[in-house]
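[1] Predicted model and sequence follow; I will ask about them next.
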Amino acid sequence: MSDTISPEHIVRLPQSGSGPKYRRVADAIQSAIRSGDLSAGDRLPPVRELAWSLGITPGTVARAYTLLTDAGHAVAEVGRGTYVAHRSRQGAAPRREYVSVPMQDGKLSLVSPQLPDLGQVALLRAAFARIGETAPERLLHYPTREAYRPLREAAVHWLRTIPLGGIDESDIVLVNGAQNGLNVILQAILRGPSPTLLVEEMAYPGFRRAADLLRAEVAGVPTDDKGIVPDALETIARRTGAQVLCTSPDVHNPTLLCTPESRRREIAEICRALDLQIIEDDCYRRTDSTAPSYRILAPERTWHVASISKVLTPALRLGFAIAPPGRGSDLRQIAEYGFFGIAQPLAEVAEQILASPETDAIAAAIRDRMAAYVRVAVNALGAHNLTWHEDVPFLWLPLPAGWRAAAFCRAAEARDIQIRSADEFALRDGRAPHAVRIAINAQIPLATFEEAMHQLHDLLVHPPEQISV
């Protein structure tokens, strides 16, 4: 590659025209590329040097470079700088392999799902740039309920494929991720000095964490291959006086069970008879699901939680808490009293993302890419008792004889692979099966992920001679 282009060379490039400065700088560099003044392999000046030469902020130059790399006109290399791309790559969408951030010590994390960047980062950058150009008064005042209306309407459109029955923007409260939505809903419905909520015996840990914050008790309900056992639900609800059932009927976390419609109807009738509220956690959803949601089966008592974290990005911390008909004001009051609503700039960015015609295609591409990783895992581990679905970014693996979950996780970590033991999903006084959850990390090359799956397979077929306890 050639030497770094001097800032003075860039300064001589014409920067006339309308639009923000970062776009004019990017246009000038792109024009120089087309004219041949800048050649493939030329290294662009460091951001701070060019900013000083042009008399603009480093952030403005960084934005210009981002526009060029997102359009394929430049290539950014970590630790080396930004270079003019070869002509065969210019105008093409950039291909990036984002390396996942290690948990602590450089080990490959398969603890939580990690989404690939297939265009959502560019959408977010563009949206944040546009927010920076909005009228200043929108960045100086407390947000109002009416100011959030466009995002709530965009959320209704985003949720249109989920069988929720009719929902209106007034039914939705915007929250800082699904966990925050769960907390807000529980605050709206729990009553008395020592309330109890019910969960599956193996359940998403966030349920019990929310209960801890609200000083509520948690009781586990047995499950079978169809989900919650109705008779057990009725018995435990009567014994504990529980007020709410928290459940994930479409994709149970961590076992991937999907509760069929017939079982959901039984559960809905029991909840109606015992005046149990239902919180339906819908953060993982299968595109092939046909069973109606609890909000359709028992709309008067079902509270629905969803987010974009498992579909587009968890970075925005954007979630949706949906109240039963007529209860939206209860949720809004809790949110307004608790945190005055999500930040207005965040709401405007999220509105642009959800309303973008590109977003559905990006979400579909992300699902397809995650499915490719799932298939690789199944090819490596399918001979074992594996539960999986191409739409779900994790797998459930009951361990063969000779392995205990804690010992298997330690053995995997010794090979620099981090996974989650079933113990993390059990209640404090509950018993966990000897099983592990393996999350899909699509921020690493597929070959690296495949090698990790073969490492886990090797462990499975070579259990320790002594069983660890």
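    It's in. Numbers count the residues shown, from 1 in each chain.

[2] Only C-alpha atoms from now on, for both contacts and neighbour counts.
    OK.

[3] Is it correct that residue 81 is in contact with residue 42?
    No: if you go by C-alpha atoms under 8 Å, residue 81 and residue 42 don't touch, sitting 10.4 Å apart.

[4] Of the two, which one has the most company?
    Set residue 81 next to residue 42 and count neighbours by other C-alpha atoms under 10 Å: residue 42 wins out with 19 against 14.

[5] Tell me the spacing between that one and residue 86.
    According to C-alpha to C-alpha, to the nearest Å, residue 42 stands 10 Å off from residue 86.

[6] Mind jotting down where the helices sit in the stretch 301-450 of the chain?
    For the stretch 301-450 of the chain, applying DSSP state H, counting those that start in this stretch gives helices covering 328-339, 344-355, 359-381, 405-414, 446-460.

[7] Counting neighbours, which bits of the third one end up buried?
    Meaning helix 359-381. By neighbour count on 16 or more other C-alpha atoms under 10 Å, the buried set for helix 359-381 is 359, 362-363, 365-367, 369-378, 380-381.

[8] now the last one
    Within helix 446-460, the residues scored as buried using 16+ other C-alpha under 10 Å are 446, 449-450, 452-457, 459-460.

[9] can you give me how far that helix is from the chain middle?
    Centroid separation between helix 446-460 and its chain, computed with C-alpha atoms, centre = their mean, to the nearest Å, is 24 Å.

[10] what does that helix contact?
    The contact list for helix 446-460, computed with C-alpha atoms under 8 Å, 6 or more residues apart in numbering, reads 373, 376-377, 380-381, 399-400, 403, 408, 411-412, 415, 417, 441.

[11] Mind doing that once more with 10 Å?
    97, 108, 110, 369, 372-384, 399-403, 408-409, 411-412, 415-417, 438, 440-443, 462 (C-alpha atoms under 10 Å, 6 or more residues apart in numbering).

[12] The fourth one too?
    Helix 405-414 is touched from outside by 107-109, 397-399, 402-403, 415-423, 432-437, 452, 455-456, 459-460, 463-464, 467-469, with contacts defined as C-alpha under 10 Å, 6+ apart.

[13] show me what contacts the nearest residue to residue 313 once chain neighbours are set aside?
    What sits nearest to residue 313 in space, not counting adjacent residues and going by C-alpha to C-alpha, 6 or more residues apart in numbering, is residue 115, at 7.0 Å. Shown in contact with residue 115 (C-alpha under 10 Å, 6+ apart): 98, 100, 309-314, 366-367, 369-370, 393, 440-444.

[14] now residue 169
    Residue 169 touches 148-157, 322, 328, counting by C-alpha under 10 Å, 6+ apart.

[15] Repeat the analysis, applying 8 Å as the threshold.
    Residue 169 makes contact with 149, 152-153, 155-156, according to C-alpha under 8 Å, 6+ apart.

[16] likewise residue 152?
    Residue 152 sits next to 169-170, 172-174 when contact means C-alpha under 8 Å, 6+ apart.

[17] which element is it on?
    Residue 152 is part of helix 149-158, with elements assigned from DSSP states H and E.

[18] Next: residue 75.
    Taking DSSP H and E as the definition, residue 75 sits inside strand 74-77.

[19] who does that strand touch, helix- and strand-wise?
    helix 58-70, strand 81-84 (3 or more C-alpha pairs under 8 Å, 6 or more residues apart in numbering; DSSP states H and E).

[20] Which positions in that strand come out as buried?
    For strand 74-77, burial by neighbour count (16+ other C-alpha under 10 Å) applies to 74-76.

[21] Between those, which sits nearest residue 213?
    Relative to residue 213, the closest of the buried residues of strand 74-77 is residue 76; by C-alpha to C-alpha it sits at 44.1 Å.

[22] my read: the closest one touches residue 69, true?
    Yes: judged on C-alpha under 8 Å, residue 76 makes contact with residue 69 at a distance of 6.8 Å.

[23] Low-confidence bits of the protein, can you list those?
    Where the chain drops to pLDDT under 70, the residues are 1-19, 58-59, 77-80, 87-106, 133-135, 137, 465-469.

[24] Tell me which residue is most central in it.
    Among the residues of the chain, residue 309 comes closest to the average C-alpha position under C-alpha atoms, centre = their mean, at 2.0 Å.

[25] Please name the residues that touch that residue.
    177, 283, 315-319.

[26] Same question for residue 349.
    Counting by C-alpha under 8 Å, 6+ apart, residue 349 has contacts 124, 127-128, 131.

[27] so what does the one helix or strand residue 210 maps to touch, helix or strand wise?
    Taking DSSP H and E as the criterion, residue 210 maps to helix 205-213. Counting contacts by 3+ C-alpha pairs under 8 Å, 6+ apart, helix 205-213 is packed against helix 178-189, strand 217-221.

[28] and the last one, which residues are buried?
    Of the residues in strand 217-221, 218-221 count as buried by neighbour count, 16+ other C-alpha under 10 Å.

[29] Output that strand as PDB, restricted to C-alpha atoms.
    The C-alpha coordinates for strand 217-221 follow below in PDB (Å, rounded to 0.1, in the frame of the first residue of the first chain):
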ATOM      1  CA  GLU A 217     -41.900 -14.800  46.300                       C
ATOM      2  CA  VAL A 218     -41.400 -17.100  43.300                       C
ATOM      3  CA  ALA A 219     -42.900 -20.600  43.000                       C
ATOM      4  CA  GLY A 220     -42.000 -23.100  40.300                       C
ATOM      5  CA  VAL A 221     -44.600 -25.000  38.200                       C
END
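
[30] Summarise which helices and strands that strand is packed against.
    strand 196-200, helix 205-213, helix 230-240.

[31] now that strand against helix 205-213, angle please.
    Computed by axes from the mean of the first three to the mean of the last three C-alpha atoms, to 10 degrees, the angle separating strand 217-221 from helix 205-213 equals 150 degrees.

[32] Can you tell me, leaving aside adjacent residues, what's nearest to residue 203?
    Of all residues not flanking residue 203 in the chain, residue 425 sits nearest, at 5.2 Å (C-alpha to C-alpha, 6+ apart).

[33] pretty sure the one you found contacts residue 202?
    Yes: at 5.3 Å, residue 425 and residue 202 qualify as touching, with contact defined as C-alpha under 8 Å.

[34] joint contacts of those two?
    Residues touching both residue 425 and residue 202 comprise 254, 432, with contact defined as C-alpha under 8 Å, 6+ apart.
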